[in-house]
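Novice: Have a look; sequence and predicted model below, questions after that.
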Amino acid sequence: MLTNQKELFRLPENVTYLNGAYMSPFLKSVEEIGHASVSKKCFPYEITGDDFFENTNRLKLEFSKLVAIDNAQNVAIIPSASYGIATVANNITLNTEDEILVVGEQFPSNIYSWQKIADQHNARIRIISAPIAFNRRGQGWNESILDAISDKTALVAISHVHWADGTLFDLKNIRKKTKMYNALLIIDGTQSIGALPFSVKEIQPDALICAGYKWLLGPYSIGLAYYSNTFANGLPIEENWINRKNSEDFGGLVNYEPEYQPKAGRYNVGEMSNFTLTPMLIKAIEQLNTWQPQRIQDYCKTISEKAIEKLRAIGCFIEEDKYRAQHLFGIYLPETINLDKLKAEFSKQNIYVSFRGNAIRVSPHVYNTKEDFEKLVKCFESV
Ligand SMILES: Cc1ncc(COP(=O)(O)O)c(C=O)c1O
């Protein structure tokens, strides 16, 4: 069982930060290596040819360990989730009437690229919305998703947990059904990878895309993507020198090379070697691999379960445990609670959460405590 890890962060004592789904705080160790990495370029003669590749390879290996990827050559470094999704969209062909299946109120970075290719090919986006009633909401939502996968489905673009309220999607069965119909499964892991266990080996997605600044505890503008061998021969969305075969040989760069680096090596963003951000993300994922996502889930459950019980008792709806994550969940208010008053109370008490859709999104981590949740409940009770 993990113990509280707040001393590894710089969050002030008077702040209750329950908003990792918005943006995680840096670990002190990540901040430290970030400062050192910024300074490195004051002495550019110390940055060698190997520096362009060594850390990026380490980063890909560390990520592979986190999500059980067999071959780190299937990993690419991306600047954002939208970039990683655009790479997939750029490498699939659709037929007229094909369906791209997404869920209701999905994050826009995992929508716009699909709209674009759907328009180009006269295909369509099929949105599976959450049930209106709270009763059996998560279960019912998952059933509708599974029911919607058919021989018309070209791909399912989904996340492991819904970004606004933490509803868990049953990826195992979604994968089974997509395989039955030869449909691709593209997963946006931005709101789950790092905090919730996930295994590429087990789920076998066609792609897994993660921005790095939330549950990977990394800096903004760097993320990671896994592309299965389905995409091993595709085309990148930009043509940069480092993604070409033998780019390690700096002397031969103008012997223009028609071939790409193997597998996902072709999909790295230009200047993937980012000397500041890469060491920071490595450090962060090393820490996550030490903590282990399952233990992060268990920790979040332990500190929040009493509070959740109390919130349910005063009429709030929070999804059943089986259909929600522990690190990210939504609180839907009963009519008796005034949202504006509650917001004002949070602000007075320095409690940070998000307001997404009509849910209050609470997203704890190992720097939070039971006391943080007691403070949160008190605000509900006072309005
Ligand atoms: C589910 C999900 N995907 C992706 C992102 C970020 O997307 P991008 O990296 O394209 O800005 C977010 C940010 O909130 C998110 O919640």
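Specialist: Happy to help now that I have it.
Novice: is it true that residue 117 touches residue 91?
Specialist: No. Using C-beta atoms under 8 Å, residue 117 makes no contact with residue 91, being 10.1 Å away. (C-beta placed from N, C-alpha, C; glycine too.)
Novice: Can you list the low-confidence ranges for the stretch 101-250 of the chain?
Specialist: Scanning the stretch 101-250 of the chain for pLDDT under 70 picks out no residues.
Novice: I'd like the distance between residue 77 and residue 35.
Specialist: In this view, residue 77 and residue 35 are 21 Å apart by C-beta to C-beta, to the nearest Å.
Novice: So these two - more neighbours on which side?
Specialist: When residue 77 and residue 35 are compared for neighbours, residue 77 comes out ahead with 27 against 10, by other C-beta atoms under 10 Å.
Novice: Just give me how far the helix ranked longest in the chain sits from the chain centre.
Specialist: When the chain is parsed with DSSP state H, its longest helix is helix 293-313. In terms of C-alpha atoms, centre = their mean, to the nearest Å, the centre of helix 293-313 is found 21 Å from the chain centre.
Novice: The next helix or strand after it: partners in the sheet, and parallel or antiparallel?
Specialist: Next along the chain after helix 293-313, taking DSSP states H and E as the criterion, comes strand 329-331. Paired strands of strand 329-331, with direction, are strand 359-362 (antiparallel) (DSSP bridges).
Novice: Other residues contacting the strand it pairs with?
Specialist: Contact partners of strand 359-362, identified using C-beta atoms under 8 Å, 6 or more residues apart in numbering, comprise 18-19, 21, 164-166, 304, 328-333, 342, 353-355, 376.
Novice: In ChimeraX, how would I select the buried members of these?
Specialist: In ChimeraX, this line selects whichever of those come out buried by 16 or more other C-beta atoms under 10 Å:
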select :18,19,21,164,165,166,304,328,329,330,331,332,333,342,353,354,376
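Novice: Quick check, residue 30 in contact with residue 280.
Specialist: Yes. Counting by C-beta under 8 Å, residue 280 is a contact partner of residue 30 at 5.0 Å.
Novice: and for these two, which residues touch both?
Specialist: Taking C-beta under 8 Å, 6+ apart as the contact rule, residue 30 and residue 280 both touch 218, 219.
Novice: of those two, who's got more company?
Specialist: residue 280 (28 against 24).
Novice: Tell me if I'm right that that one and residue 219 touch.
Specialist: Yes. Contact criterion C-beta under 8 Å: residue 280 and residue 219 qualify, at 5.0 Å.
Novice: mind listing the strands for the chain?
Specialist: Using DSSP state E, the strands found in the chain span residues 16-17, 75-78, 99-103, 124-128, 153-159, 184-188, 207-211, 223-227, 329-331, 351-352, 354-356, 359-362.
Novice: out of the ones you listed, which comes closest to the ligand?
Specialist: Comparing the strands of the chain by their distance to the ligand (C-beta to the nearest ligand atom), the top pick is strand 207-211, with 3.7 Å.
Novice: how does this protein divide into domains?
Specialist: Domain segmentation of the chain under automatic domain parsing yields 6-18+292-382, 44-290.
Novice: which residue packs closest to the spatially most central residue of the chain, ignoring adjacent ones?
Specialist: The chain has residue 190 as the residue nearest its centroid, 1.0 Å off, counting by C-alpha atoms, centre = their mean. Using C-beta to C-beta, 6 or more residues apart in numbering and skipping the chain neighbours, the partner closest in space to residue 190 is residue 211 (4.4 Å).
Novice: for the one you found, what are its contacts?
Specialist: With contact taken as C-beta under 8 Å, 6+ apart, residue 211 is in contact with 80, 81, 109, 190, 223.
Novice: Residue 85 now?
Specialist: 109, 110, 113, 114, 157, 186, 188, 209.
Novice: how about JSON lines for those residues, with neighbour count and distance to the ligand added?
Specialist: Putting the contacts of residue 85 into JSON lines (neighbours: other C-beta atoms under 10 Å; distance: C-beta to the nearest ligand atom, whole Å) gives the following:
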{"residue": "109", "neighbour count": "19", "distance to the ligand": "3"}
{"residue": "110", "neighbour count": "23", "distance to the ligand": "6"}
{"residue": "113", "neighbour count": "22", "distance to the ligand": "10"}
{"residue": "114", "neighbour count": "25", "distance to the ligand": "13"}
{"residue": "157", "neighbour count": "24", "distance to the ligand": "11"}
{"residue": "186", "neighbour count": "27", "distance to the ligand": "12"}
{"residue": "188", "neighbour count": "26", "distance to the ligand": "5"}
{"residue": "209", "neighbour count": "31", "distance to the ligand": "8"}
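Novice: Rebuild the residues you listed as JSON lines, extending it with distance to residue 178.
Specialist: Output for the contacts of residue 85, formatted as JSON lines (distance: C-beta to C-beta, whole Å):
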{"residue": "109", "distance to residue 178": "21"}
{"residue": "110", "distance to residue 178": "16"}
{"residue": "113", "distance to residue 178": "18"}
{"residue": "114", "distance to residue 178": "15"}
{"residue": "157", "distance to residue 178": "11"}
{"residue": "186", "distance to residue 178": "10"}
{"residue": "188", "distance to residue 178": "15"}
{"residue": "209", "distance to residue 178": "16"}
